[in-house]
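Trainee: give me a model of this one.
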Amino acid sequence: MVERRDFPAVFAECITCFEHIVPALSYHKKRGITTKNALPLAIATICTYAPPLFDHAAIKAIDAFVGSSRILQKHEHGYPLIIDAAKRREHTAQQIWNHLEKYPGILEGELGSQLNLGHDEVAQIITIWKTLGIVNCCAKDESPSLWFRTRLDENTVGMCIHCGVHGTGGKKLFLVPRVCKKCGSEGYYHINYSYKPRE
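Mentor: Okay, the predicted model is just below:
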């Protein structure tokens with residue numbers, strides 16, 4: 001489901017798994033079983049993806065779950081600290097989002113210094129946004145410039161899928177079928193996401 005980017009379903013499935021976590025941890029402890037992954041998959045998935053996707057309900061659900069279990073509160077893996085870190089990451093993601101909306105094309109390396117955030121904090125969130133196609137980056141010197149792909153007023157390049165002619169305009173122009181002025185065919189243009197808008 002993560003590969004399909006179906007995150008509402010991902011988080012819902014993780015939440016249904018909560019009831020199995022404490023029994024599994026208790027069983028592992030009783031049998032002396034050590035696992036490769038410190039965190040159960042349901043907790044790790046929510047803590048990784050919910051903060052940068054602003055799914056506050058999923059974070060709130062896992063916070064309540066951990067808070068309701070004495071075993072998890074006292075566990076050596078420090079679950080309350082992990083949940084607190086996820087809450088802070090959601091706030092950090094909101095700061096980065098607002099800054100990126102205000103300054104499209106900003107260098108990734110400048111985000112941390114301008115927002116007084118650590119490089120790793122910024123990189124974790126931006127990496128997820130890049131992987132999910134939320135932001136587009138163009139190489140510039142040693143640090144990539146970042147833009148949201150969802151800015152419909154941003155200029156971009158579209159290409160007719162029938163004859164290959166290029167056209168430039170606001171991204172929203174290429175989200176509906178168009179009649180190509182060169183070949184006369186009607187259809188969607190391919191959007192060139194590697195296009196770097198003029199500064």
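Trainee: can we go C-alpha only for contacts and neighbour counts from here?
Mentor: Noted.
Trainee: what's the neighbour count on Leu132?
Mentor: Leu132 is flanked by 13 other residues according to other Cα atoms under 10 Å.
Trainee: typo on my end, His20
Mentor: Around His20 there are 10 other residues, counting by other Cα under 10 Å.
Trainee: chain center to the biggest helix by length in the chain: distance?
Mentor: Counting residues, the longest helix found in the chain (DSSP state H) is helix 79-102. Centroid separation between helix 79-102 and its chain, computed with Cα atoms, centre = their mean, to the nearest Å, is 11 Å.
Trainee: ok, and what's touching it?
Mentor: The contact list for helix 79-102 (Cα atoms under 8 Å, 6 or more residues apart in numbering) reads 47-48, 50-54, 56, 59, 62-63, 66-67, 72-73, 106, 111, 115, 121-122, 125, 146-148.
Trainee: rerun that using 6 Å as the cut-off
Mentor: The contact list for helix 79-102 (Cα atoms under 6 Å, 6 or more residues apart in numbering) reads Cys47, Pro51, Pro52.
Trainee: report how many residues lie close to the second one.
Mentor: Neighbour count for Pro51, taken as other Cα under 10 Å: 23.
Trainee: excluding its backbone neighbours, what's nearest it?
Mentor: Once flanking residues are discounted, Pro51 sits nearest to Glu90: 4.0 Å by Cα to Cα, 6 or more residues apart in numbering.
Trainee: distance of the one you found relative to Cys180?
Mentor: 43 Å (Cα to Cα, to the nearest Å).
Trainee: wait, isn't Val135 in contact with Trp147?
Mentor: Yes. Counting by Cα atoms under 6 Å, Val135 touches Trp147, with 5.5 Å between them.
Trainee: list residues touching both of these two?
Mentor: With Cα under 6 Å, 6+ apart as the test, Val135 and Trp147 reach no residue in common.
Trainee: what count of nearby residues applies to the nearest residue to Glu154 once chain neighbours are set aside?
Mentor: Using Cα to Cα, 6+ apart and skipping residues adjacent in sequence, the residue nearest Glu154 is Gly170, 5.2 Å away. By other Cα under 10 Å, 15 other residues sit near Gly170.
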